[in-house]
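Q: pasting a predicted model and its sequence here:
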Amino acid sequence: MDEKQIKDALQAVLHPKLKKSLIDIGMIRNISIKGGAVTLSLALKSDRSPLKKVLIGEIEKVLGALPEVSSVQVEVITLSREEFEHLFPKAPLKGIEKVKHFLAVASGKGGVGKTTIAVNVALALAKQGYKVGLLDADVYGPSVPVMLGISEALAQEDNMIVPKEKYGLQIVSLGMTAGQNEAFIWRGPLVSKMIHQLLGQVKWGELDYLVIDLPPGTGDPSIAIAQALPRCSILMITTPQEVALADVRRAIGLFHKTGQTIVGLVENMSYFLSNQSTQPIEIFGHGGGKRLSQETDIPLLGAIPLAIEIRQGGDNGVPLMVSAPDSATAAIFQTIAKKILDKTG
Ligand SMILES: Nc1ncnc2c1ncn2[C@@H]1O[C@H](COP(=O)(O)OP(=O)(O)OP(=O)(O)O)[C@@H](O)[C@H]1O
Ligand SMILES: [Mg+2]
């Protein structure tokens, strides 16, 4: 008796929902035959799966019917999350059905300029003629409304939230759902529910890119987004100094674990150009982004200077891409956007 005979016999055992043979979809593994004793693994979502009893019963029945088989032993193992999602892909959330690409902007720690870059990269993509949405998913401190000078709350239509249009972007922020000064602190399952709402119950409509400003680090909200959007590219923001890099390395590791693609790194507050000197002053050190890129094989898409216009743009609601679209810094944002288009388009 050989493995082929066992596999042939097992072709008859189908997954009740998928109507495909367990052998063909890889749910039966590690077949071993010793004399007449057959052992194999059955991979299920969990050991408590309601299918467990039925499927083991069927496996025992078809193999038991082979004259050479004296005993059958089935061990249940669990499918990895990726395997499970591959076998049972989730229906896309209603609000984002027509969104072609998701780009989440992430960082290892707070205050490195994630929102600033999310906003200006979104504007740079829009300038190149793409339809772009911006979702402020920073549950701890939504700052997109201030950076884009939006004070109105979001409107609703047919039970769906309607994004606010400004500077050519479709914008939704948690800071636009209630009083602007209210502190939003969401935890655990609430976060995941709320993220699903922001993705699923917003009329995003047809978009080429939905740029998502994640909260700093890799806590619940980032994981919830990763789970809701398995095909989301990550843009990692860092500053040149070593401390920020250690956090960013940890975050990269976690995103890799959840199977997300990191399209590139952006080094922010890279250097300062003063009026007195033509030499860039590297306030936070030199070359951190480049070293990180070499070490991780993630391309460095650009380095943004520390510039007073960027800070002012953030405070007065008119981002640099709008107030100074022809500046040298705006050109850097355009280059970053082009590289993102090349890698994701
Ligand atoms: N390149 C820059 N030059 C000057 N100021 C900058 C630059 N990048 C960001 N800033 C300023 O630094 C502050 C923090 O930036 P930002 O809010 O974008 O960071 P963040 O990573 O989103 O922070 P948080 O973790 O709180 O969400 C803001 O006041 C912003 O205007
Ligand atoms: Mg922010």
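A: Cool, got the structure. Numbers count the residues shown, from 1 in each chain. Ligands and ions are numbered 1, 2, ... in the order given.

Q: CA only for contacts and neighbour counts going forward, please
A: Fine.

Q: residues in contact with Pro142?
A: Asp136, Ser173, Leu174, Gly175, Phe184 (CA atoms under 8 Å, 6 or more residues apart in numbering).

Q: give me the phi and psi for the first one.
A: Taking degrees, to the nearest 10, you get phi -90, psi 100 for the backbone angles of Asp136.

Q: circling back to that earlier point, now, among the contacts of Pro142, which is nearest to ligand 1?
A: Ranked by distance to ligand 1 (CA to the nearest ligand atom), the contacts of Pro142 are led by Asp136 at 9.7 Å.

Q: ok, the residue of the stretch 151-300 of the chain at minimum distance from ligand 1 - contacts?
A: Among residues of the stretch 151-300 of the chain, the one nearest ligand 1 by CA to the nearest ligand atom turns out to be Met269. It sits 4.4 Å away. With contact set as CA under 8 Å, 6+ apart, Met269 has these partners: Val112, Thr239, Pro240, Phe284, Ala303, Ile304, Pro305, Leu306, Ala307.

Q: quick one: which two of these are the most distant?
A: Pro240 and Ala307 (15.1 Å; CA to CA).

Q: looking at the two, which is more packed in?
A: Between Pro240 and Ala307, counting by other CA atoms under 10 Å, Pro240 is the more crowded of the two (26 against 16).

Q: now the more buried one: closest residue in space that isn't a chain neighbour?
A: Gly288 (4.4 Å; CA to CA, 6 or more residues apart in numbering).

Q: would a markdown table of the contacts of Pro142 with secondary structure and pLDDT be doable?
A: Shown next, in a markdown table, are the contacts of Pro142 (DSSP: H, G, I helix; E, B strand; the rest coil; pLDDT from 0 to 100):
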| residue | secondary structure | pLDDT |
| --- | --- | --- |
| Asp136 | strand | 92 |
| Ser173 | strand | 90 |
| Leu174 | helix | 80 |
| Gly175 | helix | 81 |
| Phe184 | coil | 45 |
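
Q: phi first, then psi, for Met236.
A: The phi/psi pair for Met236 (degrees, to the nearest 10) is phi -100, psi 130.
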